[in-house]
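Trainee: any chance you could fold what I've pasted below:
(2 chains)
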Protein chains: 2
Amino acid sequence: MYVVIFRATVRRLDDEYLKVAARMHELALSQFGCIDFHTLSDGVNEISLSYWPDEERIRAWKEHPEHLMAQQYGRERWYESYSVQVAKISRDYQGPGHQGGAV
Amino acid sequence: MYVVIFRATVRRLDDEYLKVAARMHELALSQFGCIDFHTLSDGVNEISLSYWPDEERIRAWKEHPEHLMAQQYGRERWYESYSVQVAKISRDYQGPGHQGGAV
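Mentor: Purely as a prediction, here's the structure:
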């Protein structure tokens, strides 16, 4: 299991952002084998965690035309700065009440 | 480089939470070799990402008495549920304007 960690500082989120973000989640989950997707924002900072079975699917997702356009919007309009990290999960603990999800 | 991903659903964050959270960040960074620490919350959900050079330091940190007490408070008072994942970073991309930090 792999996780893609997207961390960003927000510049300005317009109406299109919500539409594109929802479409990207739906596309990743329905067509690219993404297992789970969590996005959290406090209005200034954003973290998105997406979970994947292998790196091939992450690469295919990274290069999809609609996703490339979303990445360009992100760089030019929505974010001051961002970083993306790909990591392989080696250990996983669940606290009380956790309903599973990613793993 | 390793990342510890803490995801939680908040039950109730009291005054002690802020003190303990600040102390845990300071302790991890100053005494356990943690490289970087990012916590984000929208009031209902929380994600903390901490970055480490190796798994030994993560284990030592996990078992420190003050941290064990904080984990107990988390289970009993602050969080409805949570999960912790340890992952090894294999790739890292920086977007425009990113000032480094974790890597």
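
Trainee: please make it C-alpha for all contacts and neighbour counts, starting now.
Mentor: OK.

Trainee: which bits of chain A sit near chain B?
Mentor: A:3, A:40-42, A:45-47, A:75, A:80-98 (CA under 8 Å from any CA of the partner chain).

Trainee: so A:Gly33 is in which element?
Mentor: Applying DSSP states H and E as the criterion places A:Gly33 outside every helix and strand.

Trainee: now it: phi and psi?
Mentor: As for A:Gly33, its main-chain torsions (degrees, to the nearest 10) stand at phi 80, psi 10.

Trainee: that one touches A:Trp52, doesn't it?
Mentor: Yes. Here A:Gly33 reaches A:Trp52: they are 6.8 Å apart, a contact under CA atoms under 8 Å.

Trainee: picking that back up, out of the residues of chain A next to chain B, which end up buried?
Mentor: With neighbours counted by 16 or more other CA atoms under 10 Å in any protein chain shown, the residues of chain A next to chain B contain buried members at A:3, A:40-41, A:45-47, A:75, A:80-89, A:94-95.

Trainee: from the residues you listed, which land in strands?
Mentor: In strands, judged by DSSP state E, the following of those are found: A:3, A:40-41, A:45-47, A:80-89, A:94.

Trainee: so what does the lengthiest helix in chain A touch, helix or strand wise?
Mentor: Taking DSSP state H as the assignment, the helix of chain A that covers the most residues is helix A:15-31. Applying 3 or more CA pairs under 8 Å, 6 or more residues apart in numbering or on different chains; DSSP states H and E, one finds that helix A:15-31 contacts strand A:36-41.

Trainee: now for the strand it packs on, which elements pack on it?
Mentor: Counting contacts by 3+ CA pairs under 8 Å, 6+ apart, the secondary-structure elements packed against strand A:36-41 are helix A:15-31, strand A:45-52, strand B:36-41, strand B:45-52.

Trainee: quick one: the first one to strand A:45-52, angle?
Mentor: With axes from the mean of the first three to the mean of the last three CA atoms, to 10 degrees defining the directions, helix A:15-31 sits at 20 degrees from strand A:45-52.

Trainee: could you dump helix A:15-31 to PDB, C-alpha only?
Mentor: Presented in PDB, the C-alpha positions along helix A:15-31 are these (Å, rounded to 0.1, in the frame of the first residue of the first chain):
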ATOM      1  CA  ASP A  15     -15.600  28.200  -7.500                       C
ATOM      2  CA  GLU A  16     -13.900  26.000 -10.100                       C
ATOM      3  CA  TYR A  17     -11.600  24.500  -7.400                       C
ATOM      4  CA  LEU A  18     -14.400  22.600  -5.600                       C
ATOM      5  CA  LYS A  19     -15.700  21.200  -8.900                       C
ATOM      6  CA  VAL A  20     -12.200  20.100 -10.100                       C
ATOM      7  CA  ALA A  21     -11.300  18.700  -6.600                       C
ATOM      8  CA  ALA A  22     -14.500  16.600  -6.500                       C
ATOM      9  CA  ARG A  23     -13.900  15.400 -10.100                       C
ATOM     10  CA  MET A  24     -10.300  14.500  -9.300                       C
ATOM     11  CA  HIS A  25     -11.400  12.400  -6.300                       C
ATOM     12  CA  GLU A  26     -14.100  10.700  -8.300                       C
ATOM     13  CA  LEU A  27     -11.700  10.000 -11.200                       C
ATOM     14  CA  ALA A  28      -8.900   8.600  -8.900                       C
ATOM     15  CA  LEU A  29     -11.300   6.300  -7.000                       C
ATOM     16  CA  SER A  30     -13.400   5.100 -10.000                       C
ATOM     17  CA  GLN A  31     -10.900   4.800 -12.800                       C
END
